[in-house]
Every structure is written in C-alpha cells, then in structure tokens.
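A.B. asks: Let's see this in three dimensions:
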Amino acid sequence: MPVGTAGTVKGILQRDLKQEVNADIILGNTYHLYLRPGVEIMKEAGGLHRFMNWDRALLTDSGGYQVFSLAANRKLSEEGALFRSHIDGSPHTFSPESVIDIQRVIGADIIMAFDECPPYPCEYNYAAESMGLTHRWLDRGVSRFNGTEALYGHKQMLFPIVQGGTFKDLRKQSAEYIAGAGMPGNAIGGLSVGEPADLMYEMISIVNEILPRDKPRYLMGVGTPVNILESIDLGVDMFDCVMPTRNGRNGMLFTAEGIINIKNKKWANDFTPIDKNAPSGVSTYFTKAYLRHLVISGELLGAQIASIHNLAFYLWLVGEAQKKIEKGIFREWKNKMIPALSNRI
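C.D. replies: Predicted structure coming up:
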C-alpha cells in the first residue's frame, strides 16, 4: 500500500496512483489526519475518500506508532495516550474508543485497533506490560467498533495488531490473543523498528504459525523489496512502507536488476530509459540522465518521477509474487530475485 499519510501520497496525483502505479489501496494516518485537517472537516467532506477524491480502498493505521515515536511528548495510561501535537504542542488524548470514533469519521475501508509499539531494544517486562495493555485496549476497541456504525454507506473492517517485541513467548501469546478476536484480518506490528532483519523474520514466522491462514496478514511498515519477498515466503499478505517515495525523493531507485543511486556521476550522460522493463510509463520515456539532472537540481518533477517509478516497481513486484505463488514456483523465483534486488548498480 502506498503511504498517503495526510491524505496524499507525497507529490503524486490520484490519477497517477491509478494509471502509473496501479494502486488498488493506499494508507492514511489517523494521527496526522486527526490533527490536520481534523475530524470536523473530515466529517463535513464525507470522509477521506471524498475529501481526496479517491474511489478505491483506504486503510488507516491507529496512530499508535506515531504516539510511540513521540516518546518525549506523551504519557501512557490504562485509559490511553496523552500526547502533545508535533504541530503546535497542544495536548490531546487517544483512547481505544476515540481512535475507533476518529476512524469511523475518516471512513477508511480497513481500520486498525489502538496499540502500543514498544521500542527496540526493550526489557522483557516492558514488552510484556505493553503487550497486555495493547490486548486490553483491543477489547475496548472491538466493543466500541461493534457498538457503532460506519458513516458513509460502506462497510469498515477492524484489524487488531500483534505486539510482543522480539520475545518468542510474548509474540506467541499476542498472536493467539489477536487471532481469538475473530476479526476479518490481522496485523503484525512492532517490527522494522531497528531490530536485525533475521530477528524480524523469526518473529514473523512465529506469529504466522498462529494467525489464521484464511485471513489476510498485514505486516506494518515493511520494507525493502527483499524484506517483502522474504515476508511473503513466511505468509504475509499486506504491506505498507514509505521507502518507495521517501527514498525516491532522495534519488534511490528500485529495479529488478538492483538499486540505483541516480545522483551518481555515472548516470549524467546515460540516455537510456530509467528502467526499460518497468511497468510505469514514466520509467520508460524519461532517461536516467534527465532524472539525475532533475534530482540534483532539486526540481520537484524529479522527486515525482522517482516516486512513481518506485511505487510502480513495488506493485509490480508483489503482483509477480502472487503469480508465482499461483504457479507453485514462488520460492524458486524469490531465491533468484533476492541477489538481484540487493545489488547496487
């Protein structure tokens, strides 16, 4: 899912998300949308779909990760999280119930339960207490969700989030608790927060042995193309990450042959397409030399082209993974792709 934090995938028109990227679903951020433009404007607009003129699916996260990232400006309690806005320092409170209410107003198709994301590394006792809090918050969130209705005439689905840090027994406990909630899908949170990749894969494997196979499994905030293929191999179905757009804005391009730093001098007089095999048109009718010129000149078009290219590549990659799964040759294909995807061209 391309990340559209504040109701926009940075620098990319909704038209291009459809035509160039081929995105069927994008992600919005509850914390940021709550602060700006705010719930009243969201409600008056008829929800985020109408506000941003997006007629495909939307997912909103719970804001838990953003509250976690504001460690110096927030206080956790059984009731919820008291935090100060990064915009103006004003105080606000998120509770499991209010986060459901906010996401009802935003109107996303998939909404997330409020959770706490513990840091890495952290002590076992902290991770255990944090996990317990997330589970208790989940119960309250499910109760609020079941006691309220969607506002805009389409169904909303609530996903709970597995936590537990990098401790095997806690991850097992959390996966069992989350699966027991019986929601239509389940998320894996608290990973890709600084832990080694092998440890992340170990936690995913443990969790996915427990989460039901017949419901989508969403790994939050991951990751590189290699991370994504390895996680698919472990049973993950859904991903989101800012990497395609953030890295693209800084001149890093992902391709099936490897990673390109378009700022390098070697591309200054390379008049071949950005990626002749890419699924996006912008990658085939602009040259590397032109894109390098735009990026090193700080031109907005450079960031836009690179972002579109990267997103289209990510969507192509997961689409190819699905095809290989259906043909029964995913692992063989993945093992061939991994070395190429890691290559620095």
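A.B. asks: Tell me which residues touch the closest residue to residue 343 other than its chain neighbours, please.
C.D. replies: Leaving aside its chain neighbours, residue 343 sits nearest to residue 258 (3.2 Å; criterion: CB to CB, 6 or more residues apart in numbering). In short, each C-beta sits where N, CA and C put it, glycine included. By CB atoms under 8 Å, 6 or more residues apart in numbering, the residues touching residue 258 are 340-345.
A.B. asks: hmm, 10 Å instead?
C.D. replies: In this structure, residue 258 makes contact with 225, 339-345, judged by CB atoms under 10 Å, 6 or more residues apart in numbering.
A.B. asks: for residue 117, same thing?
C.D. replies: By CB under 10 Å, 6+ apart, the residues touching residue 117 are 62, 64-69, 130, 134, 161, 163, 165, 189-191, 193, 220-221.
A.B. asks: Check residue 82 too.
C.D. replies: Applying CB under 10 Å, 6+ apart, the residues near residue 82 are 67, 73-76, 91-95.
A.B. asks: Tell me the secondary structure of it, please.
C.D. replies: Going by DSSP: H, G, I helix; E, B strand; the rest coil, the secondary structure assigned to residue 82 is strand.
A.B. asks: pLDDT, distance to residue 252 and secondary structure added to the contacts of residue 258, as CSV?
C.D. replies: What follows is these, written out as CSV (pLDDT from 0 to 100; distance: CB to CB, whole Å; DSSP: H, G, I helix; E, B strand; the rest coil):
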residue, pLDDT, distance to residue 252, secondary structure
225, 97, 12, helix
339, 96, 18, helix
340, 95, 16, helix
341, 96, 13, helix
342, 92, 13, helix
343, 95, 13, coil
344, 96, 10, strand
345, 94, 11, coil
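A.B. asks: residues contacting the residue most central in space within the chain?
C.D. replies: For the chain, the residue sitting closest to the mean C-alpha position, by CA atoms, centre = their mean, is residue 240 at 2.4 Å. Taking CB under 10 Å, 6+ apart as the definition of contact, the neighbours of residue 240 are 1-4, 25-27, 59, 61, 218-223.
A.B. asks: List only those of those residues flagged as buried.
C.D. replies: The neighbour-count test (16 or more other CB atoms under 10 Å) applied to the contacts of residue 240 identifies 1-4, 25-27, 59, 61, 218-223 as buried.
A.B. asks: ok, which stretches of this structure are strands?
C.D. replies: Assigned by DSSP state E, the strands in the chain fall at 25-29, 57-61, 74-76, 81-84, 91-94, 110-112, 157-159, 161-162, 186-188, 217-219, 238-239, 252-255, 258-261.
A.B. asks: Out of those strands, which one sits most buried?
C.D. replies: Per residue and on average, the most neighbours among the strands of the chain fall to strand 161-162, with a mean of 30 (mean count of other CB atoms under 10 Å).
A.B. asks: Tell me which other helices or strands that one touches.
C.D. replies: The criterion is 3 or more CB pairs under 10 Å, 6 or more residues apart in numbering; DSSP states H and E, and the helices and strands that strand 161-162 contacts are helix 124-146, helix 168-180, strand 186-188, helix 197-208, strand 217-219.
A.B. asks: For it, what is the distance to the chain centroid?
C.D. replies: Its chain's C-alpha centre and that of strand 161-162 lie 14 Å apart, by CA atoms, centre = their mean, to the nearest Å.
A.B. asks: picking up where we left off before, for the residue nearest to the centre of the chain, give the beta-bridge partners.
C.D. replies: On the basis of DSSP bridges, residue 240 is bridged to residue 222.
A.B. asks: I'd like the distance between it and residue 84.
C.D. replies: 26 Å (CB to CB, to the nearest Å).
A.B. asks: List the contacts of residue 266.
C.D. replies: With contact taken as CB under 10 Å, 6+ apart, residue 266 is in contact with 260, 288, 292, 345.
A.B. asks: cool, and residue 122?
C.D. replies: Taking CB under 10 Å, 6+ apart, one finds 130, 165-167, 190, 193 in contact with residue 122.
A.B. asks: Quick one: the residues you listed as CSV, columns for pLDDT and neighbour count too.
C.D. replies: Compiled in CSV, those are given as follows (pLDDT from 0 to 100; neighbours: other CB atoms under 10 Å):
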residue, pLDDT, neighbour count
130, 95, 24
165, 97, 26
166, 97, 21
167, 98, 19
190, 94, 33
193, 91, 19
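A.B. asks: Export those as JSON lines, with columns for distance to residue 299.
C.D. replies: Formatted as JSON lines, the contacts of residue 122 follow (distance: CB to CB, whole Å):
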{"residue": "130", "distance to residue 299": "44"}
{"residue": "165", "distance to residue 299": "43"}
{"residue": "166", "distance to residue 299": "42"}
{"residue": "167", "distance to residue 299": "47"}
{"residue": "190", "distance to residue 299": "38"}
{"residue": "193", "distance to residue 299": "33"}
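A.B. asks: Would you point out the most distant pair within these?
C.D. replies: Checking these against each other with CB to CB, the farthest-apart pair comes out as 167 and 193, at 14.0 Å.
A.B. asks: what's near enough to touch the residue sitting furthest away from the middle of the chain?
C.D. replies: Of all residues in the chain, the one whose C-alpha sits farthest from the chain's mean C-alpha position, using CA atoms, centre = their mean, is residue 269 at 35.6 Å. Applying CB under 10 Å, 6+ apart to residue 269 gives the contacts 287-289, 292.
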